[in-house]
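Trainee: okay, predicted coordinates and the sequence, questions at the end:
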Amino acid sequence: MRKWIVYVLVLLSLAACQKPYVTQIDLGVNHEAIDLPSFEQGHCFITVFSNGSWTIGLESPSDWARLGQSSGEGIAYVRFDYDENLTGEDRSVTVLVSGMGKECKIVVTQPKES
């Protein structure tokens with residue numbers, strides 16, 4: 001019985017000493033480029049990694065692409081929504097993430113209707 005008590009106390013003390021995960025990345029994203037799978041409308045997610053606050057936006061205005069948020073802090077998943085592409089040409093937009101004195105760009109490309 002004493003062994004179990006000692007074992008439980010050791011486990012509890014080890015768990016209490018663990019620090020929460022903190023990223024060591026000033027600013028990063030999960031992709032430099034995203035090729036959308038089809039001309040149809042849909043959404044995907046962009047992962048932002050940071051030690052601090054950041055902003056996210058489209059480098060140029062777009063009538064077919066939208067972001068679910070414009071800023072955040074730490075690690076976050078940002079929703080990227082896009083409309084159906086009936087233009088007859090592939091199209092792209094650049095997503096710009098800024099924070100901690102750094103910038104990341106992601107080029108998102110959507111194919112034309114086949």
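Mentor: The structure has been received and is ready for your questions.

Trainee: pretty sure residue 34 is touching residue 109, no?
Mentor: Yes - counting by Cβ atoms under 8 Å, residue 34 does reach residue 109; the two are 7.2 Å apart. The way it works is simple: take the backbone N, C-alpha and C, and place the C-beta from them, glycine included.

Trainee: so which residues of the protein form strands?
Mentor: 27-29, 33-35, 42-50, 53-58, 65-67, 71-73, 76-82, 91-99, 102-110 (DSSP state E).

Trainee: give me the pLDDT value at the spatially most central residue of the chain.
Mentor: In the chain, the centroid-proximal residue (Cα atoms, centre = their mean) is residue 47; its distance is 1.3 Å. Per-residue pLDDT puts residue 47 at 96.

Trainee: so who does it touch?
Mentor: Residues near residue 47 by Cβ atoms under 8 Å, 6 or more residues apart in numbering: 29-30, 75-78.

Trainee: before we move on, what about residue 68?
Mentor: 78-81.

Trainee: in this protein, which helix or strand is least confident?
Mentor: helix 2-17 (a mean of 56; mean pLDDT, DSSP states H and E).

Trainee: about what we covered before: who's more crowded, residue 34 and residue 109?
Mentor: Between residue 34 and residue 109, residue 34 has the larger neighbour count (other Cβ atoms under 10 Å), namely 20 against 12.

Trainee: what sits closest to the more buried one if chain neighbours are left out?
Mentor: residue 108 (4.6 Å; Cβ to Cβ, 6 or more residues apart in numbering).

Trainee: over to residue 35?
Mentor: Closest to residue 35 by Cβ to Cβ, 6+ apart is residue 109, at 5.3 Å.

Trainee: same check on residue 79?
Mentor: residue 68 (3.4 Å).
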